[in-house]
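In: quick one, what's the 3D model for this:
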Amino acid sequence: MLEKFKLSLAIGLLFLVASYATAQKQDSLNQFPASWTGTWSGHLQIYSPTGPRPGVDMSLEIFQIDSSTQGRYTFGIIYGDKSKDWRPYELVPVAPEKGLWRVDERNSIVMESYLTGPKLLCWFVVSGNRILCTYEKTDERTMVFEVMSGKEKPVSQTGNSVHEGEDIPEVQTFPFSAFQRAVLTRQ
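Out: Numbers count the residues shown, from 1 in each chain. Model (predicted):
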């Protein structure tokens, strides 16, 4: 009986140590934006409802600007050649404890972005198009960047009725016109 207890205790301790190590690893993956710093590069695949489109090489550069900038980081995106398509954005803390950041495009456009779980999400509308950008650091060397877009005008509206005595809310569905995805590797 005592031997079974010792074995159970040893297994329990191993489980606790393994759980703690896993939590610590996940914590280091999620320390945002410090653990996300570096240059991330890969190929952006572009898809539309009619099939794949030509993609483009891309990079994302995340670096702390300096200690006097109150937690600001570069958040520069490069599509293809840096001399031709360099977007020197900045990541600005607003309420990091609540996951709220802003991407400052440094041209009067500043967009709220939300760190939710393992993803940084930015959802916005420009020129009648609804766009969702996501960045997810999946491990120390890999980040997945995705963009989903479509017109802001709904293609259908259903519900808004009473069905079998239950009030059904209106549901609007929106079209997708493009999906982009890049698996970026830390350089």
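
In: phi, psi of the residue most central in space within the chain?
Out: Nearest to the geometric centre of the chain sits residue 135, at 2.5 Å (CA atoms, centre = their mean). For residue 135, the backbone dihedrals are phi -130, psi 130 (criterion: degrees, to the nearest 10).

In: please report the distance of it from residue 147.
Out: Distance from residue 135 to residue 147, counting by CB to CB, to the nearest Å: 10 Å. (C-beta placed from N, C-alpha, C; glycine too.)

In: ok so, going back, ok, the residue nearest to the centre of the chain touching residue 117?
Out: No. The criterion here is CB atoms under 8 Å, and residue 135 misses it with residue 117 at 12.0 Å.

In: burial of the closest residue to the residue nearest to the centre of the chain other than its chain neighbours, as a residue count?
Out: Sequence neighbours aside, residue 120 is the residue nearest to residue 135 in space, at 4.4 Å (criterion: CB to CB, 6 or more residues apart in numbering). Around residue 120 there are 24 other residues, counting by other CB atoms under 10 Å.

In: what of the one 3 residues further on?
Out: Residues within reach of residue 123, counting by other CB under 10 Å, total 14.

In: wait, is residue 52 part of a helix?
Out: No. Counting by DSSP: H, G, I helix; E, B strand; the rest coil, residue 52 is not found in a helix; it is strand.

In: hmm, residue 45 and it touching each other?
Out: Yes. Contact criterion CB under 8 Å: residue 52 and residue 45 qualify, at 6.9 Å.

In: those two: who's more crowded?
Out: It is residue 45, of residue 52 and residue 45, that has more neighbours when counted by other CB under 10 Å, with 16 against 9.

In: what pairs with that one across the strands?
Out: residue 181 (DSSP bridges).

In: show me the contacts for it.
Out: Shown in contact with residue 45 (CB atoms under 8 Å, 6 or more residues apart in numbering): 52, 55, 180, 181, 182.

In: over to residue 143?
Out: Applying CB under 8 Å, 6+ apart, the residues near residue 143 are 36, 40, 60, 135, 136, 137, 183, 184, 186.

In: please repeat the previous calculation with a cut-off of 6 Å.
Out: Counting by CB atoms under 6 Å, 6 or more residues apart in numbering, residue 143 makes contact with 40, 137, 184.

In: count the residues that sit near the first one.
Out: Residues lying near residue 40 (other CB under 10 Å) number 24.

In: check the last one too.
Out: Under the neighbour criterion other CB under 10 Å, residue 184 is assigned a count of 23.

In: residue 42 is in contact with that one, correct?
Out: Yes. Using CB atoms under 6 Å as the test, residue 184 is close enough to residue 42 to be in contact (4.2 Å).
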